[in-house]
Every structure is written in structure tokens, then in C-alpha cells.
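1. One predicted model, sequence on top.
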Amino acid sequence: MVDRRYALLGVEGYHDQAFLERVLDKLLGFKKFNGKESDLETFWRKFVPVYPSKGGKLYIRLDMPSIIHTEDVSVAIYAGEGTNLIQNLVAKLSDIDYSTLLAFGIVADADKNSPDRVGEIYSEGFRELFANFPNKPGVIIESLPRLGLYILPDNSNQGVLDTLICKCGESAYPEFMKRARSYIDQFSPEEIKDIGWKPFDKEKAIVATVASVLKPGGTNTATISQNNWVCSQTSATVPELNSIVSFLENLLMVDTANSSTT
Amino acid sequence: MRKLESIHFHQFRGIRDLRLEHLGQVNLLVGTNNSGKTSVLEGLSIYCHPLDLREWFRIARQREQESRFSQTSILDSIRWLFPKVYSHEKKENNPETGTLSISSDGLFSVKNLQARYEVIEGLRISERKRMSKLDRNKDDETLEEVEDETPELRKGIDLHIEIYAESEQLSLLDTQPKFAQDFQLWEDDFIGKLPGSGRWNLDTSIVTPSSHRSETNQLRLLSKASFQNFKPDVINLLRQVDPGIIDIEILLSPDSISSRFNTYIQHEKFGLAPLSTFGDGVRRLLHIALKLASVQGGILLIDELEVTIHTEALQDSYKWLIRWCKELDVQLFATTHSLEAVDSLLEVTESELDLVLHRLEPKEHHTRVVRHDWNRLKLLREELGQEVRW
């Protein structure tokens, strides 16, 4: 067996983390790490949080990336706290020998800015560590480590993960999506203003509506992780999903000939 | 600017090419066992007394004294300050040599220290007299002096030390003058004079994990602290560990059969009791406090900062330590294996250069140093729970 190599992917939230994990698991032949600390590879041990015994924040969520691997590559998907993603990842990377990574990539949303502007923000943010971090969405730099930037939903339009998930829903759950849209469309602009939706919250609400049927009581994160929004069928029919699958395949140098799909 | 803004250990003991940059008031050294943390403290101590052979000897022997296991000769101990050359690099018939080199930036006038030793051999040609029994066959224990005519082969070392330093006395053209000193050292020999030993020194003091158990110089340090009106604050520090402590005194016990003075603690419960009867926590904190006061304007070196101090007392003790490091203009270098010590120091410091963590990671040809300033360290520890010791 060859020595396993390591890659780090940064995302802006837990449902983005669940999405990438699902893509790697179901479409690129990765296996989820079992979550037992005793089985964790040495390379990722530094990522296990050990909070201060005094002055610590008791309700903070454990800042642990999800780990997923093949025989050759182990990938950690780290979810930063929204806009703190750059600050947190720069701090974490400065504490490890990041030059040994196979790849480092960012998958972010274009909810407030255009994909090009988001690219510039990330390129600037990681310049301290990676002088050649890409500033254009969808670009992979073949350096050591390999560097990649993908801006959801499709590297060219504004949107978020749920924009892409809705497109997957049209393929996987067309009837549920139709009913969910019909329900959400009943809310008037005044009501939406009173509730205080942000841009692209409508897509999130549609996914949540379907999720409430597929996983009653579950979150968008749970349904993305466990239902068929991301599967071989949607990968074949939704170009935007296929695009990010290809991006990850290339960034992580995945040999798809050996990977299994469902 | 600080006494030391950066220091570069080119070669010292097992360390090669280790740079500590952008040093802070408090510099915390972390890393796995054998990463070179203690060697950094030792190297700093020698660098700050570059021509003082007593300091070279003291540092060379320190680890053996700590373990009370002294089998290495003093000259061998000196040789171990130098990086070891692997045997296949040694050339046949050439004398054994070694070179060490350290350089720095900052207010301290010395900018570079280089030293080289060479093992030498000599014959002792003076006639040595030894004592022998007059008659070996009898019980007579009377001894006589006899001459031993066999020449004795002895080994020693030639030690060449040179420093580059800034000097106010020299013209501006000599921006980096060089001072060199040669010593020839033989086992069991007497060194008559130590020329220039005090020149170019920066006050430093080293606290080892067990030096608080030896009372050498304790009385002198305590007297000095009293004269500096520092004693009340030392007592406040000790009260962090034992609130019953009222005062510290240097006394001669009326019951004592010797005329030796000792350190006594006035305690609410026990009355006057010798310091030696108190626990390690009190004794070590007192030791650190007195050492700190003795290096005003200089550098304090503490090996294993957390040793003997209960976790509940760490924060208050460190608060005291940081306050007095600032007050007395002391730059602190401390090693630790304790995450609680790191977290406690973060709690009691508040600006970027107050606290800098340097993690040493030995590689094949150099030691990689991961540096975290206070802001990054605070984010890593308090927000992200990052393990920063290894």
C-alpha cells in the first residue's frame, strides 16, 4: 500500500461540509471515517480540538473537520464560521506543515458577491500561505500542494449551495419540488420582508420543505447527507453537480477507474 | 527594542539552524521531547556570557547536576556543548574538533558568538610525588612520599572563543569589532585568571525543574530582593499557593548548633518554619521570584514553567510573573509541556508582543520553528481548541 496523502477542503458551513462529504462518498468512492479518535490518522490528530479547561466556551460546537478517505488520499473537510473561514484556516494551517498536503481547496458560496469577487477575497486571504492561490473560480493550480477554488453554485452565477441542491431536487424529487415551490410561493413579498429573508433563503426554504417530508424533523444538512439530492443519477443529469464532481476529482487526483458509484 | 529581537542558533549541542524571530517579552518554547527546548535555554545563557568560562562550565554541567549523576568529566561536558560530528566524517589522525555558532539581533551588544575546540594531548613532565606505605608486608600504616617518574599522557582542549559586538568605545568604522579569547583547559587544572570574563555579559539566570531544591545563593538573592523593596510582592506571590504565609526571614535558629543562617517562613498556622519544610510549589515560586529580581534588565530562563505549581494557582502565579517581568524589564524564555500553562499565560497577557509561542520541530538539517504571536495563539487555543504543543 502506498503512503496515504492528505488534502484539506474549506467550506463556509455545515451543510456545505455535508454536501462535499456526500459527493466524495457517493460519487468518488471515498469512505467516511468512523469517528473513533483511536482510529484517527496521525496527520489529522492536530485537528482534534482540545479547548482550554478555563475560560472555554461551553456551548461551542466541536471544531472538528469531517474526514473521508480512499486507500490513497485522506481528505478533511473543515467548516469555518462563515466569514471567519479564512482567518480560522490560516491560523490552523500556520500550525501544521502544510507544504506536505497533496491539495488545499476552498468551496464557497457567491451569496453576497459575484463569483469573481469571492475569488479575489479568498486569493487575498490565503496569500500569506499560498502566494499563488487562484483568484478565479473553478481554477486548479498544479503546485505543491495543489490549490483549488470553486464558487457555488456554478463558478459564474451568484447563488449558494441550495441553488445547486434545488437543481438536483428537480431531477431526484421533481414532484416534491413542484409542491414545495407551490407552498413557498404562497408567501407574499410583505410576509417575506417581515420574516427577514436574506438572498437565496427562498432556495433554502424549498429544500427545507422537501426535507421535512423526506426527513421529518431533519435539517437541510441531514437531508443533503442522507437523501438522494446527490447521487449518480443527479450527477448525470445536473451539469452543475457534475462540474464540481470533476473539480474535486481533478484537485484530489482521484482515480475514478477504481472508485465506486451508487 | 528588546534585549534580544531574534536569535539564530547556527550550531549548538544537537541544534542546527534554529531561528527564533520577533521575540516577545515572554517567549514560550514548546515541542516534543528532545526537540531542543532546554538546549535553547542553555545556548542563550552562554551567549549572554560569551567570554565567561564559569558560565560555560556551569551550563555544561547543569544537566548532570540535575540528575545527581555525574560521570562525565568537565572537559567532556564542555565538548558536548558542541554539535557532534558523526564518526564517518572524522578524518584519521586529525584531532577532534567542534564548532558552535550563535547570532542575534536586538539591544544586546553581542551580535555573534563563535567557538571552536580542539582536543589536545600532552605529557606531564613534572615529577609527581605520591604517598606509599613504608612496608607493604606489615601492618604498619605509615606513609612516605615517593617520586613517580612515569610521564603521564593527559588530554585537554584548546578552546577558542570569538565574538562580534557593538562597542561605544570604537570608531564608527568598526561597526562589528571582533574579540577573541583562547583558553587551554586540562583536567584537574587551575585556571589562574579569567580575562574579560565579565565583559559583554547580559544578566541572565536559569531556573531548572529542580534548582529550587538547592539553596545555593538563596540567601543572597533574598537579601537582594529585600533591599530592592521587592519582598512584599514575593510574599504576595507565595500566598497564591499558601494563603497562610505572612513573611520570609533570614534567621539563625537559637537551637542551632551551627552558625548557619537559613530562610524561614512566618506562617499563620506553623509560626516560624524553615523553608525546606514547605512544599515544592512554595519553594519553586520563591526561587523563580528571587531569580527574576536578580536579573533586572536582563533575561530569565525557566525550564518547565509549570513544574510543581498546581493548576489552580497557575493563572495567578503567571499574572504575577508577567507583571514583574514588565516592571523589571526582564525578557523571559520558558519551556513547557503543559497546555494549561499555555492557556493560563494567554489569560494573563493582553497584547501582541507580550507572549510569543515558538514550537521547535527538529528536521534532518535544521529545526523548524512554528511561531504564534498572542493574537493567533488566542484564536487557535480559545476559539479553535488547537493543540499547539506538537
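-> Sure thing, it's come through. It should be emphasised that the depicted structure is a prediction, and the values quoted were computed from it without experimental measurement.

2. Model confidence at the closest residue to chain B within chain A, what's the number?
-> Of all residues in chain A, A:Pro49 sits closest to chain B, at 3.0 Å by C-beta to the nearest C-beta. Heads up, the C-betas are built off the backbone N, CA and C, glycines and all. pLDDT for A:Pro49: 90.

3. For it, which three-state class applies?
-> Look at A:Pro49: counting by DSSP: H, G, I helix; E, B strand; the rest coil, its state is coil.

4. and the closest residue to it other than its chain neighbours, backbone torsions?
-> Spatial nearest neighbour of A:Pro49, excluding adjacent residues (C-beta to C-beta, 6 or more residues apart in numbering or on different chains): B:Gly385 at 3.0 Å. Taking degrees, to the nearest 10, you get phi 60, psi 30 for the backbone angles of B:Gly385.

5. quick one, strands of the stretch 201-350 of chain B?
-> B:204-207, B:245-251, B:262-267, B:271-274, B:299-302, B:331-335 (DSSP state E, counting those that start in this stretch).

6. Of all those, which one comes closest to A:Glu124?
-> Nearest to A:Glu124 among these is strand B:331-335 (35.0 Å), distances taken as C-beta to C-beta.

7. returning to what we had before: just send the strands of the stretch 201-350 of chain B back as JSON lines, with mean neighbour count and distance to B:Ile78 too.
-> What follows is the strands of the stretch 201-350 of chain B, written out as JSON lines (neighbours: other C-beta atoms under 10 Å in any protein chain shown; distance: least, C-beta to C-beta, whole Å):
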{"stretch": "strand B:204-207", "mean neighbour count": "22", "distance to B:Ile78": "17"}
{"stretch": "strand B:245-251", "mean neighbour count": "16", "distance to B:Ile78": "35"}
{"stretch": "strand B:262-267", "mean neighbour count": "19", "distance to B:Ile78": "33"}
{"stretch": "strand B:271-274", "mean neighbour count": "12", "distance to B:Ile78": "36"}
{"stretch": "strand B:299-302", "mean neighbour count": "25", "distance to B:Ile78": "19"}
{"stretch": "strand B:331-335", "mean neighbour count": "25", "distance to B:Ile78": "23"}
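
8. what about the residue of chain A closest to chain B, how many residues close to it?
-> 16 (other C-beta atoms under 10 Å in any protein chain shown).

9. before we move on, back to that, the residue nearest to A:Pro49 is in contact with A:Phe47, isn't it?
-> No. Assessed by C-beta atoms under 8 Å, B:Gly385 is found out of contact with A:Phe47, at 9.7 Å.

10. so which of the strands of the stretch 201-350 of chain B comes closest to chain A?
-> That would be, of those and by C-beta to the nearest C-beta, strand B:331-335, which comes in at 18.3 Å.

11. Give the partner strands of that closest one in its sheet and their orientations.
-> Counting by DSSP bridges, the strands paired with strand B:331-335 are strand B:26-30 (parallel), strand B:299-302 (parallel).

12. Next, count neighbours for residue 105.
-> Since you didn't name a chain, this refers to chain A. Neighbourhood size, A:Gly105 [other C-beta under 10 Å]: 25.

13. Please refer instead to chain B.
-> The number of residues packed near B:Asp105 is 15, by other C-beta under 10 Å.

14. quick one, phi/psi of it?
-> When read as degrees, to the nearest 10, the backbone of B:Asp105 gives phi -130, psi 150.

15. what does chain A put close to chain B?
-> Residues of chain A found near chain B (C-beta under 8 Å from any C-beta of the partner chain) are A:45-46, A:48-57, A:60, A:62-63, A:87-88, A:91-92, A:94-95, A:97.

16. which SSE is residue 182 in?
-> As the question left the chain open, I've gone with chain A. helix A:174-184 (DSSP states H and E).

17. should've been chain B
-> strand B:178-186.

18. which residues sit against that strand?
-> B:51, B:53, B:75, B:78, B:120, B:122, B:154-165, B:191, B:195-196, B:199-200 (C-beta atoms under 8 Å, 6 or more residues apart in numbering or on different chains).

19. Any regions of the stretch 1-150 of chain A where pLDDT drops low?
-> A:1-2, A:54-56, A:82-83 (pLDDT under 70).

20. returning to that earlier point: tabulate the strands of the stretch 201-350 of chain B in a markdown table, adding columns for mean pLDDT.
-> Shown next, in a markdown table, are the strands of the stretch 201-350 of chain B (pLDDT from 0 to 100):
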| stretch | mean pLDDT |
| --- | --- |
| strand B:204-207 | 94 |
| strand B:245-251 | 89 |
| strand B:262-267 | 89 |
| strand B:271-274 | 89 |
| strand B:299-302 | 97 |
| strand B:331-335 | 98 |
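
21. out of those strands, which comes closest to A:Phe30?
-> strand B:331-335 (41.0 Å).

22. And the residue of the stretch 201-350 of chain B that's closest to chain A?
-> B:Asp343 (4.0 Å).

23. For that residue, which non-adjacent residue is spatially closest?
-> A:Pro52 (4.0 Å).

24. In a strand, that neighbour, correct?
-> No. With three-state DSSP as the criterion, A:Pro52 is assigned coil and is not in a strand.

25. residues contacting it?
-> Contacts for A:Pro52 (C-beta under 8 Å, 6+ apart) come out as B:339-340, B:343, B:346, B:381-382, B:385.

26. Tell me how far it lies from A:Arg61.
-> From A:Pro52 over to A:Arg61 the distance is 16 Å, taken as C-beta to C-beta, to the nearest Å.

27. Any chance you could list what contacts the host helix or strand of A:Val90?
-> Assigned by DSSP H and E, A:Val90 belongs to helix A:85-94. Helix A:85-94 is contacted by residues A:8, A:10-12, A:47, A:63, A:78-81, A:104, A:106, A:108, A:121-122, A:125-126, A:128-129, B:370, B:372, B:376, B:379-380, B:383-384, B:386 when judged by C-beta under 8 Å, 6+ apart.

28. now the strands for chain A?
-> For chain A, the strands defined by DSSP state E occupy A:5-11, A:31-32, A:66-69, A:73-79, A:103-109, A:140-141, A:146-152.

29. And the first one, what's buried?
-> The reference is to strand A:5-11. Neighbour counts over strand A:5-11 (16 or more other C-beta atoms under 10 Å in any protein chain shown) mark A:5-11 as buried.

30. Strand partners (parallel or antiparallel) of that strand?
-> Its sheet considered, strand A:5-11 pairs with strand A:73-79 (parallel), strand A:103-109 (parallel) by DSSP bridges.

31. for the residue nearest to A:Pro49, what are its contacts?
-> Contacts for B:Gly385 (C-beta under 8 Å, 6+ apart) come out as A:49-52, A:56, A:62-63.

32. and it, what pLDDT?
-> On the pLDDT scale, B:Gly385 gets 91.

33. Same question for B:Val85.
-> Looking at B:Val85, its pLDDT is 68.

34. Check B:Glu312 too.
-> Reading off the model, B:Glu312 has pLDDT 82.

35. do B:Leu194 as well
-> pLDDT, B:Leu194: 68.

36. Over to B:Val146?
-> At B:Val146, pLDDT is 64.

37. same question, A:Gln158
-> 96.

38. Which residues of the stretch 251-390 of chain B lie near chain A?
-> So far as C-beta under 8 Å from any C-beta goes, the stretch 251-390 of chain B lies against chain A at B:311, B:315, B:339-340, B:343-344, B:346-347, B:361, B:368, B:370, B:372, B:376, B:379-388, B:390.

39. The longest helix anywhere in chain B packs against which elements?
-> What stands out as the longest helix in chain B, according to DSSP state H, is helix B:311-327. Counting contacts by 3 or more C-beta pairs under 8 Å, 6 or more residues apart in numbering or on different chains; DSSP states H and E, helix B:311-327 is packed against helix B:231-241, helix B:280-294, strand B:331-335, helix B:339-348.

40. could these go into CSV alongside distance to A:Leu248?
-> CSV is the format used below for the helices and strands packed on helix B:311-327 (distance: least, C-beta to C-beta, whole Å):
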stretch, distance to A:Leu248
helix B:231-241, 54
helix B:280-294, 54
strand B:331-335, 43
helix B:339-348, 35
